[in-house]
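Participant: Structure for this input, please:
(chains A and B)
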Protein chains: 2
Amino acid sequence: MTDIKQPENLLSQLELLLGKDCVLSGDALRERASSYWDSSPMQGIALLKPHNTEQLSAAMKLCHQFGQTVVTHGGLTGCVEGTTVNNQDVIISLEKMNSIEEIDAVGSTVIVEAGVTLQYLQEAVSEQGLYFPLDLGARGSCTIGGNVATNAGGINVIRYGMMRDQVLGLEVVLADGTIMSSMNRMLKNNAGYDLKQLFIGTEGTLGIVTRVSLKLQQQTRSRNTCLVAVDDFASVTKLLSRLQGDLGAALNAYEVMWGDYFHAVTEPGWHRAPMGRDYAFYVLLEAAGADAEGDGPRFIAAMESAMEAGLVVDAIIPKSESERRALWDIREDFDAIVKPQPTFLYDVSLPIKYMEDYVAAVKQGLDKLWPQSKCYIMGHMGDGNLHLFITPNSAGEDLHGQSDEQVYKPLEKYAGSISAEHGIGTEKKSWLLKNRSIEELDLMKVLKRALDPLNILNRGKIFDV
Amino acid sequence: MTDIKQPENLLSQLELLLGKDCVLSGDALRERASSYWDSSPMQGIALLKPHNTEQLSAAMKLCHQFGQTVVTHGGLTGCVEGTTVNNQDVIISLEKMNSIEEIDAVGSTVIVEAGVTLQYLQEAVSEQGLYFPLDLGARGSCTIGGNVATNAGGINVIRYGMMRDQVLGLEVVLADGTIMSSMNRMLKNNAGYDLKQLFIGTEGTLGIVTRVSLKLQQQTRSRNTCLVAVDDFASVTKLLSRLQGDLGAALNAYEVMWGDYFHAVTEPGWHRAPMGRDYAFYVLLEAAGADAEGDGPRFIAAMESAMEAGLVVDAIIPKSESERRALWDIREDFDAIVKPQPTFLYDVSLPIKYMEDYVAAVKQGLDKLWPQSKCYIMGHMGDGNLHLFITPNSAGEDLHGQSDEQVYKPLEKYAGSISAEHGIGTEKKSWLLKNRSIEELDLMKVLKRALDPLNILNRGKIFDV
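Facilitator: Coordinates of the predicted model:
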């Protein structure tokens, strides 16, 4: 009698279950890149491609029986090493579970499998005259399951909220293979605990999301964009409040770029600068509304009035979609500043009223530590969320660790977050202990132990149990 | 040596801790009403009125040590018997923890103690030029802590979401007295599990909410209201989509009344009917926007165009605040229909596309069971949420149970919810087992056991462990 707890035995049982084509190992696995950012060969014992929830459930029952750790993969575009694999892990890829199952135009809801890419969903609902508002640079590769697992943010949060706010219901495979279907389609449901919240933003550590029910929005009829230059930070915050008053819910993007950032990405050979390159701040803002004729004049009036009030010192309104796209490229395509290696990316949030002091503290610390360093900042300012890019331009040990220290230490004073939208993964694990209280971490561990007592789901990500 | 596990010993220790004034028992306790709806004397061993979180934490440590069950009380306006007390329970009232601690006008956030009433908060932030959008009939009595514990809904959900969507951070006292502070003030925070979600809508069964950090909104500058009559249900849903397109995010209320409801509450002696009383459906709708001058004409144009399209057969726009209030009273003050006893109130949700069939099924069932019965329906239609009022007008055993059967049975076919916003409490417990799957209920119990292993927090509410 053979011992069924041997990994090779697990692998052969998984092959029987899913078919050999859907269990990759050896060279077939190593041919794949580790992630969108890392082209080194994929690690792991095997990669499974279940066709449906039932197959995945059966596979998880086996893995649970073997105490086998699993890591779930979506589009692999995450920024915090939340999907890294070691040579003892099995990978679950949801790439074959990529159908849009139902679009309900009356109720404005859609049901999808977790492997659907964000962009595919956006386009499919758009064809039905509806709108799915989550949007981020990785739209072509990232999956809805990954968006759920990381509670993705992006460029429309100020108006529509994060992924959590779009999710109505989930189907999840638990650590022991149980299928927990909670596919609610209603905007309101207070019948018992709202279980889906457990799986949103927990980075695959509490369950594997297999199907998702999402809320859709009506399409807007107007879109107005403007790039403005602003002289000081106080005016950046005043302009935000003023426009939220003048434009109401129509304001859907308010993206701030510090002067250094704008200057760097408009260096010769990169983006063309549509206005002077030496202002203190730039804001790319966009509003979308229901009034195709009236929204444009109202938007221009609001901008003119902000200029007259002295909040805005220069402004440009794009005259075509290609001009609009060129403005957004300045904000979204920052190859110019990540070219020098190493450059470290951060994603912090803090109350807006402390931002200026915080940024000053970070820059001061960096100047002292690395006089040649660069610190570029931009962010979803309306959400209190800043992205920092730090290039040490110095040699030395543990540059990343020292850079982290410069960014996260000054944040403590303002009770800011070390991760506004990217999550924790393994990259920010050591800092999580400092960012959240002992009581919070203890409660996270209580949940992890209750839902995944063998610790087989994305083990070692976010925190160690 | 005395046995410290005697209840009288617990009581004397609680008195030492909180002061005798803050521990009510005997007549002082019985003088209080059981709830807003039930004037019978309050039950329980004692009612505690802690002054702050530390006192509450110490009291909970004692209760935990004694295995003492506790029930937390806010404004006692809940609709599902979620705060009922038996003679073995200790009551925690947060009535002394009622301060607004900080309003941040730049970040649009507020921090409050859980005992603050909804209306007090609404008024305080309004004085600072900001807006807290949660609103419901019980605003003068219900507390923010209760709104969190029940994930309250109300009349602005279509635009601003439920209480869950307003909460940024929580401080909670756990079953063993641990203070779990997660007082995030940022719109975005993905640093580890979002623990606050555990305590929102779980009706005090997983922890006691003591402080809350809330998101605020900009005040709008226009408000336009209209009562319309509509001939058929298909037009009610078409009108909703059309207005969501024409008015965009400005539409903040879309309250539907079935003809029977409108007819009954405008009987002589009740509300004055502002238009004919015999239409099939009435919709009270309201929009609020940023354009003080332009929003009115745009609203009227949208309504005129809906009339021309044949969706609306009669309409009235109030000319004053008192006329507006009179229209809202028709929707909010339904004394006329709850006068005959017994009348049972329901709060269901289901996809809008199934609503007409569902209502027909309920009415058919009721006509067969109780030919003299009445069934009045209105609801937050944009949210998929209907309230039903059923008056059996019949004698017999277990009228309530039979009525439940008529409402909840037909809902199963459409995967609707037995509680859109009211919660489960004890009133809907037996139906929860039919409304959610075994896997969902099992997972709820896993959470309850993990967070409250002695089952002392609001024991027996929602489900039995």
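
Participant: Need the phi and psi values for the residue lying closest to residue A:58 once chain neighbours are set aside.
Facilitator: Nearest non-adjacent residue to residue A:58, counting by C-beta to C-beta, 6 or more residues apart in numbering or on different chains: residue A:17, 5.5 Å away. The way it works is simple: take the backbone N, C-alpha and C, and place the C-beta from them, glycine included. When quoted as degrees, to the nearest 10, the phi and psi of residue A:17 stand at phi -70, psi -50.

Participant: for residue A:124, same thing?
Facilitator: According to degrees, to the nearest 10, residue A:124 has phi -70, psi -40.

Participant: Number of residues surrounding whichever residue of the stretch 251-400 of chain A sits closest to chain B?
Facilitator: Distances between the stretch 251-400 of chain A and chain B by C-beta to the nearest C-beta are smallest at residue A:290, namely 3.1 Å. A count of nearby residues for residue A:290, using other C-beta atoms under 10 Å in any protein chain shown, gives 25.

Participant: Also the one 5 residues further on?
Facilitator: When counting by other C-beta under 10 Å, one arrives at 23 neighbours for residue A:295.

Participant: so it makes contact with residue A:287?
Facilitator: Yes - with contact defined as C-beta atoms under 8 Å, residue A:295 counts as touching residue A:287 (7.1 Å).

Participant: For residue A:264, which non-adjacent residue is closest in space?
Facilitator: In space, residue A:264 is closest to residue A:337, 5.0 Å off (C-beta to C-beta, 6+ apart).

Participant: ok, and the closest non-adjacent residue to the residue of the stretch 251-400 of chain A closest to chain B?
Facilitator: Closest to residue A:290 by C-beta to C-beta, 6+ apart is residue B:248, at 3.1 Å.

Participant: So the residue of the stretch 251-400 of chain A closest to chain B sits against residue B:247, correct?
Facilitator: Yes - taking C-beta under 8 Å as the definition, residue A:290 is a contact partner of residue B:247 at 5.8 Å.

Participant: which residues of the stretch 101-250 of chain A fall in strands?
Facilitator: Secondary structure of the stretch 101-250 of chain A by DSSP state E, counting those that start in this stretch: the strands cover A:109-113, A:130-131, A:167-173, A:179-182, A:208-215, A:217-218, A:222-230.

Participant: so how far is residue A:391 from residue A:303?
Facilitator: Distance of residue A:303 to residue A:391, given as C-beta to C-beta, to the nearest Å: 34 Å.

Participant: scratch that, residue A:422 is what I was asking about
Facilitator: Residue A:422 sits at a distance of 19 Å from residue A:391 (criterion: C-beta to C-beta).

Participant: now swap in residue A:175 and tell me
Facilitator: Distance from residue A:175 to residue A:391, by C-beta to C-beta: 41 Å.

Participant: What is the three-state secondary structure of the nearest residue to residue A:242 once chain neighbours are set aside?
Facilitator: What sits nearest to residue A:242 in space, not counting adjacent residues and going by C-beta to C-beta, 6+ apart, is residue A:306, at 6.1 Å. Using DSSP: H, G, I helix; E, B strand; the rest coil, the structure places residue A:306 in helix.

Participant: What strand or helix carries residue A:287?
Facilitator: Using DSSP states H and E, residue A:287 maps to strand A:281-289.

Participant: Neighbouring strands of that strand in the sheet, and parallel or not?
Facilitator: Paired with strand A:281-289 in the same sheet, following DSSP bridges, are strand A:222-230 (antiparallel), strand A:251-258 (antiparallel).

Participant: what's the closest non-adjacent residue to the residue nearest to the spatial centre of chain A?
Facilitator: When chain A is reduced to its mean C-alpha position, the nearest residue by C-alpha atoms, centre = their mean turns out to be residue A:152, at 3.6 Å. Leaving aside its sequence neighbours, residue A:152 sits nearest to residue A:163 (C-beta to C-beta, 6+ apart; 4.6 Å).

Participant: residue contacts, that neighbour?
Facilitator: Residues in contact with residue A:163, defined by C-beta atoms under 8 Å, 6 or more residues apart in numbering or on different chains, are A:134, A:147, A:148, A:150, A:151, A:152, A:153, A:200, A:201.

Participant: would you list the residues you listed in TSV and tack on pLDDT?
Facilitator: As requested, the contacts of residue A:163 are exported to TSV (pLDDT from 0 to 100):
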residue	pLDDT
A:134	96
A:147	98
A:148	98
A:150	98
A:151	98
A:152	97
A:153	93
A:200	98
A:201	98
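
Participant: Quick one: which of the residues you listed is the most crowded by neighbours?
Facilitator: That'd be residue A:147 among these, by other C-beta under 10 Å, with 32 neighbours.

Participant: Could you measure from it over to chain B?
Facilitator: Distance from residue A:147 to chain B, counting by C-beta to the nearest C-beta, to the nearest Å: 12 Å.

Participant: Might one say that that residue is in contact with residue A:118?
Facilitator: Yes - using C-beta under 8 Å, residue A:147 is in contact with residue A:118, at 6.2 Å.

Participant: quick one: common contacting residues for the two?
Facilitator: In contact with both residue A:147 and residue A:118: residue A:134, using C-beta under 8 Å, 6+ apart.

Participant: ok, back up a step: between the strands of the stretch 101-250 of chain A, which has the poorest mean confidence score?
Facilitator: Out of the strands of the stretch 101-250 of chain A, strand A:217-218 stands lowest, with a mean of 91 (criterion: mean pLDDT).

Participant: does chain B sit close to that one?
Facilitator: Yes - Strand A:217-218 reaches chain B (C-beta under 8 Å from any C-beta of the partner chain) through residue A:218.
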